[in-house]
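Asks: Below are the sequence and a predicted model for it; my questions follow.
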Amino acid sequence: MVENIFVGFAEWLRSLLAAAGLPALFGDIVLMIVKVAGILAFIAISVLWIVYMERKMAAYFQARIGPNRVGPRGLLQTAADMGKLISKEIIIPRAADKIVFLLMPVLIFVPSLLLFAVVPFGKNMIAVDLNVGVFYFFAVASVSTIIFWAGGWASANKYALIGAMRAVAQMISYEVPMVLAILGVIMIVGSMKMSDIINAQQNVWFIFTQPVAFIIYVIAATAETNRTPFDLLEGESEIIAGPFIEYGGMGFAMWFLAEYANLILVSVLATTLFLGGWLAPFGLTFIPSWVWFLLKIYFMIWVFMWFRWTYPRIRVDQLMNFGWKVLVPLSLANIFVTGIGMFIYRAIGW
Amino acid sequence: MDNIFSIAAFYLLGLVILGSAILVVMLKNLVHCVLWLAVTFIAVAGLYMLLDADFLAMVQILVYAGAVCIMMVFAVMLTQRKDMKSSSLFNAQFRSAGLVAFLTAALSAYLAMRTAWTSTVMPVPPRTAEAIATLMLTKYVVPFEVAALLLLVALIGAIILAKEVKADD
Amino acid sequence: MLRTEEITLNMGPQHPSTHGVFHVVLKMDHEVITEARPICGYLHRGIEKLAEARTYTQFIPYTDRLDYLAAMLNNTGYVQAVEKLMEIEVPERAEYIRVICCELSRIASHLIAVGTYSVDIGGITGFMYCLRDRERIMDLFEMVCGSRLTLSYMRIGGVAEDLPDEFIPALCQFLDEMPSRLDEYDGLITGNEIFQARTKHVGLLDPGVAINYGISGPNLRASGVFWDLRKNRPYSVYDRFDFEVPLGKRGDCFDRFTCRIKEMRQSLKIIRQAVEQLPEGPVMAKVPKVLKPPAGDVYHEIEGAKGILGYYVVSDGSNKPYRIHVRRPSFINLGFLNELCKGWKIADVVAILGSLDIVLGEVDC
Amino acid sequence: MPGSSIPSTVIDGLKDKFPAIEVSENLTITVPEAELLSFMRELRDNPDYDFNFLTNLTAVDYPDNFTVIYNLVSFKYGYTLMAKVNLGKDEPAVSSLTSLWGSADWQEREVYDLFGIIFTGRHNLTRILLEDGFAGYPLRKDFQWVGGRE
């Protein structure tokens, strides 16, 4: 019952529209709009909650209390902050490229939003189950790099430009080990479809068969989401928020929102690829699949936050060295070992 | 391409591709050119999607919109002249360039007219990526390996170029 | 071959990592520094000039505003200079109270140094832990003199008031808990792999050069030079305590950082001994209401939290100082910044500047 | 205080080498401006004193003259030494010690900034605390300030 609450709702909506005598195409359109609205609501609520969670977690890591004034236990703090950011004046530097400057914070949200289309929220709960789901994920995510860069460039600020160039260098270099790391999983599954990957983990999660890939993925994902210890492009103690330095109010809020949306997304991918997606562990199937999925992504988010509030920041050349000299060879070796392993497995007739 | 939506999408994408491509060439601000180039690449990926070539579309986005544009970014940042305002779009080479462009266009048009445009009867396989993989490692294995070799050479070349900077110091 | 255009970056005066209104003009080839020109003076208040219009006692609050993170030390340095000029004998109990307060101040200052350094390297959590413990010291100071930051507790001839009854138990509790807190910092900050990668072998300070440039305090000791006025030229009652002077080996940012953590341990040791030896008696010498030191001058140095803190006082026999000059350790430690930063990356500039532990109130005077 | 001030035998040795110096009762040495650089070089380079640390450098505006004060420390022996140079009231100038001690650099700039004393033989003698366009030298006694308590 609870398991199928969302799927059931979709079915009910579709049959309702069909019963009203509307063509199937119209039903598809309405359903797609409902899906998009649902995803948008999910993002908005998640981000509100995750920002609060991050602040609260940071507080507990730092032996303090955290937000506790606005609303019960400070729950409305993020909402209040958002209200503040929305009502703030948008300041555009005189030397800035006005259109690009204003456009980029809006565009940064587009890749994140597009990516949610392939998120397997639960059994049969994926908006579009693409054949090339995982690949789609990386392809669309890679576009955000240029948006970061353009935003930084348009600010006409040297700190922003340094941050923007760092963003480009960092995200490009860490995309390589990230893609190479998950190749191991794709090799085993033989498909890039999200649902196939999850179903392939019925017996054992890939975190156990591909531990190296998981570690590489988590490191690269931290770099991709620009979080400590890889928050170089923000680096508030050296280049003071980097590409976002000139953004205030809603412009800043959009970058901020996109950053948290990306955090959710990399956690989603980690869950899907390595933690068995919405599959229930230990046969605890009475808990609905989407709850499991949420639990797992929140676990991953928690891990990323844990990193953020314990580690200092790495230096830019160390970051590059680590990416190219450690992670890339390691992920290539992982592919090699996975291939040999698969070959042996098949040879012994599994 | 059967239904009305596909046709509408095709023409819309075509318009975006052509428009943004023209802007890439005509704009004087190099950074804007790069941004429009990204738009062009993404729109081309849209065309691939329309042809059910989902894997190819993703490659287009990842490699072109993601990587090639970034390479352009690096090129732009290394360019000494900040924008192209000072350089004229219509200089002395305008005529010869126009001739070359016209000839290229004409040749393409001629070839396009000579080609027998038969839409494949064979349906698109449901798993395009696997079909491509099989083809690449069987029928087209030689070009595939040659391309890999070429990339390796380029990689080594890049390393040598980067090394030279250090020797310079 | 692939040389990028040299860019000039104004780091500061509004920049989170310059620890105040400090300004460094960086010339960079991409991210590598070719020149770092420090510009200070944004916080210059002319304290030395103001002193000429104040009486000797009235100047004490101004010393708080120099290194406001270690106000007790600044007070002490000044009053000891005037006492030296007037040849006042300070009661024993007052000397011990001064030592306790000074070492607490040193710990408070080092806690800020350690905490902000953690932020400079990118770990905010370490800062919060350090501030949590500094807060305890602030509470102790509040007990002693009612003020938390600008203390003005020292008087010429002693201290303002005797310690309250609840102070010693609270202090002992602090002394008991602090070592485990220091272990916590070692675990959270010092032991972190990334932190070490960021600070080890960065910003190397050669001992000979350090001495030549007048660098003092933990920065000098981190380069392996044994020079601590509490040991080398003991003032007050420091010769009665058993403590070590931690030294560094390489003189890099990491050594400067760890030296401070080790010094805190030593300060705790000193305080413990001082509490045990604390004699009874008056806390104020008999000094006239209006202080008129004999004409002449005196230069007095103490070991401040950031280095050698010196006061040069000139008297013309009136009730106002003719001239007061403060040898501010932060100011002189900064003099070598340009050479120290050359060839490092922008992130290292932050690491180097943070490791020098400057306070702008003191740099700009 | 043990080992703080310089023994009188050393002072006597110095007096022989530089007859022009005056030594006051609290062992403060007054050096004529002309001999300052050679005197200081002797203090730094002679292994008998080894004054390797210029700890403090400042100035005082006395009614008749400017006095520049140098406080030196020898890490090897623990000696401290105060040396003074008296300068005339108009256009005070003294040779710079930046060639001997790096720490003189910023401190000389500070003295120049606040007293207007010129240090010769060094580069980059610019204001350090006050802004470049500031008129006058605030720590001189004749400096008239605007505002404040008086």
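Replies: Arrived safely.
Asks: What are the phi and psi values at the residue of the stretch 1-150 of chain C at minimum distance from chain D?
Replies: Closest contact between the stretch 1-150 of chain C and chain D, by Cβ to the nearest Cβ, is at C:Gly41 (3.9 Å). Glycine gets a C-beta too; all of them are placed from N, C-alpha and C. Main-chain dihedrals, C:Gly41, degrees, to the nearest 10: phi 110, psi 0.
Asks: tell me the secondary structure for the residue of the stretch 51-200 of chain C found nearest chain B?
Replies: Relative to chain B, the nearest point of the stretch 51-200 of chain C is C:Ala197 (21.0 Å; Cβ to the nearest Cβ). At C:Ala197 the chain is in helix, as set by DSSP: H, G, I helix; E, B strand; the rest coil.
Asks: Verify the contact between it and A:Pro312 for me.
Replies: No. Counting by Cβ atoms under 8 Å, A:Pro312 is not a contact partner of C:Ala197; they are 9.3 Å apart.
Asks: For C:Tyr311, I want the exact helix or strand it lies within.
Replies: strand C:308-315 (DSSP states H and E).
Asks: neighbouring strands for that strand, and are they parallel or not?
Replies: strand C:296-303 (antiparallel), strand C:321-327 (antiparallel) (DSSP bridges).
Asks: just to revisit the earlier point, count of neighbours near the residue of the stretch 51-200 of chain C closest to chain B?
Replies: Using other Cβ atoms under 10 Å in any protein chain shown, the number of residues around C:Ala197 comes to 18.
Asks: Could you report the separation of the closest residue in space to it that isn't next to it in sequence from chain B?
Replies: Leaving aside its sequence neighbours, C:Ala197 sits nearest to A:Gln318 (Cβ to Cβ, 6 or more residues apart in numbering or on different chains; 5.9 Å). Distance of A:Gln318 to chain B, given as Cβ to the nearest Cβ, to the nearest Å: 17 Å.
Asks: Next one: A:Gln318, what pLDDT does it get?
Replies: On the pLDDT scale, A:Gln318 is placed at 85.
Asks: How is it assigned, secondary-structure-wise?
Replies: Applying three-state DSSP: A:Gln318 is helix.
Asks: thinking again about what came up before, distance of the residue of the stretch 1-150 of chain C closest to chain D relative to D:Leu130?
Replies: Counting by Cβ to Cβ, to the nearest Å, the gap from C:Gly41 to D:Leu130 is 6 Å.
Asks: in whichever helix in chain C runs longest, what counts as buried?
Replies: With secondary structure taken from DSSP state H, chain C has its longest helix at helix C:92-121. Residues of helix C:92-121 classed as buried by neighbour count (16 or more other Cβ atoms under 10 Å in any protein chain shown): C:92-121.
Asks: and the closest residue to A:Ala156 other than its chain neighbours, helix, strand or coil?
Replies: In space, and not counting its chain neighbours, A:Ala156 is closest to A:Ala95: 3.8 Å by Cβ to Cβ, 6+ apart. Three-state call for A:Ala95 (three-state DSSP): coil.
Asks: Verify the contact between A:Ala95 and A:Lys158 for me.
Replies: No. When contacts are counted by Cβ under 8 Å, A:Ala95 is not listed as touching A:Lys158 (11.1 Å).
Asks: These two: who's more crowded?
Replies: Shown here are A:Ala95 and A:Lys158; by other Cβ under 10 Å, A:Lys158 has more neighbours (16 against 10).
Asks: My read is that that one contacts C:Ile7, right?
Replies: Yes. Applying Cβ under 8 Å, one finds A:Lys158 in contact with C:Ile7, separated by 6.1 Å.
Asks: Residues that sit against both of these two, list them.
Replies: Common contact partners of A:Lys158 and C:Ile7 (Cβ atoms under 8 Å, 6 or more residues apart in numbering or on different chains): none.
Asks: Does anything pack onto the helix or strand hosting D:Asp12? Which helices or strands?
Replies: Secondary structure from DSSP H and E places D:Asp12 in helix D:8-17. Counting contacts by 3 or more Cβ pairs under 8 Å, 6 or more residues apart in numbering or on different chains; DSSP states H and E, helix D:8-17 packs against helix D:36-45.
Asks: Send me the helix it packs on as CSV with only the CA atoms.
Replies: Extracted C-alpha coordinates of helix D:36-45, given in CSV (Å, rounded to 0.1, in the frame of the first residue of the first chain):
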residue,chain,number,x,y,z
LEU,D,36,77.1,54.7,13.0
LEU,D,37,77.4,52.2,10.2
SER,D,38,81.0,51.1,11.0
PHE,D,39,80.2,50.9,14.7
MET,D,40,77.1,48.8,14.1
ARG,D,41,79.0,46.6,11.6
GLU,D,42,81.6,46.0,14.3
LEU,D,43,79.0,45.1,16.8
ARG,D,44,77.4,42.7,14.4
ASP,D,45,80.4,41.0,12.9
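Asks: can you pull the buried residues of that helix?
Replies: For helix D:36-45, by 16+ other Cβ under 10 Å, it's D:36-37, D:39-40, D:42-44.
Asks: Can you tell me which of those residues is nearest chain A?
Replies: Of those, the one sitting nearest to chain A (Cβ to the nearest Cβ) turns out to be D:Arg44, at 38.5 Å.
Asks: Might you report the residue contacts of that closest one?
Replies: D:50-52, D:100-101.
Asks: Show only the entries of the residues you listed found in strands.
Replies: Judged by DSSP state E, strands contain none of the contacts of D:Arg44.
Asks: mind listing the strands for chain D?
Replies: Under DSSP E, chain D gives strands at D:22-23, D:28-31, D:53-61, D:66-73, D:80-87, D:93-95, D:118-120.
Asks: Highest mean neighbour count out of those?
Replies: Comparing the strands of chain D by mean neighbour count (mean count of other Cβ atoms under 10 Å in any protein chain shown), strand D:53-61 ranks first with a mean of 25.
Asks: what distance separates that strand from the centre of its chain?
Replies: Chain-centre distance of strand D:53-61: 5 Å, with Cα atoms, centre = their mean, to the nearest Å.
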